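In: sequence? don't have it. structure:
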């Protein structure tokens, strides 16, 4: 029984190397998205941050400022060391 669990764990760890993240949300202002017009219902009110893209058109937001906070459950579990570790990672 233990060998079975180890085998399953091994397969999951091995398969994890082949899992890639992607986002189906991309910018509305690229040459590839000229078809996303207001007449078709895209960005009608001018407030949308993006629209659909094809798989393989990788896209990631790059933000200058990151806002974060620590709630009571985080502070209760990790304490001040956790806060310092997060702030060190973000620095």
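Out: Happy to help now that I have it. Since this is a predicted model, take the numbers as computed values, not measurements.

In: Can you get me a residue count around residue 67?
Out: Applying other C-beta atoms under 10 Å, we find 5 residues neighbouring residue 67. Placement of C-beta: from N, CA and C, glycine included.

In: check which helix or strand covers it.
Out: Counting by DSSP states H and E, no helix or strand carries residue 67.

In: Tell me which helix or strand residue 84 sits in.
Out: Under the criterion of DSSP H and E, residue 84 resides in helix 72-90.

In: which residues make contact with that helix from outside it?
Out: Among residues not part of helix 72-90, those counted as contacts by C-beta atoms under 8 Å, 6 or more residues apart in numbering are 66, 68, 70.

In: which among those gets closest to residue 47?
Out: Closest approach to residue 47 among these (C-beta to C-beta): residue 66, at 22.3 Å.

In: gap between stretch 73-90 and the chain center?
Out: With C-alpha atoms, centre = their mean, to the nearest Å as the basis, stretch 73-90 stands 22 Å off its chain's centre.
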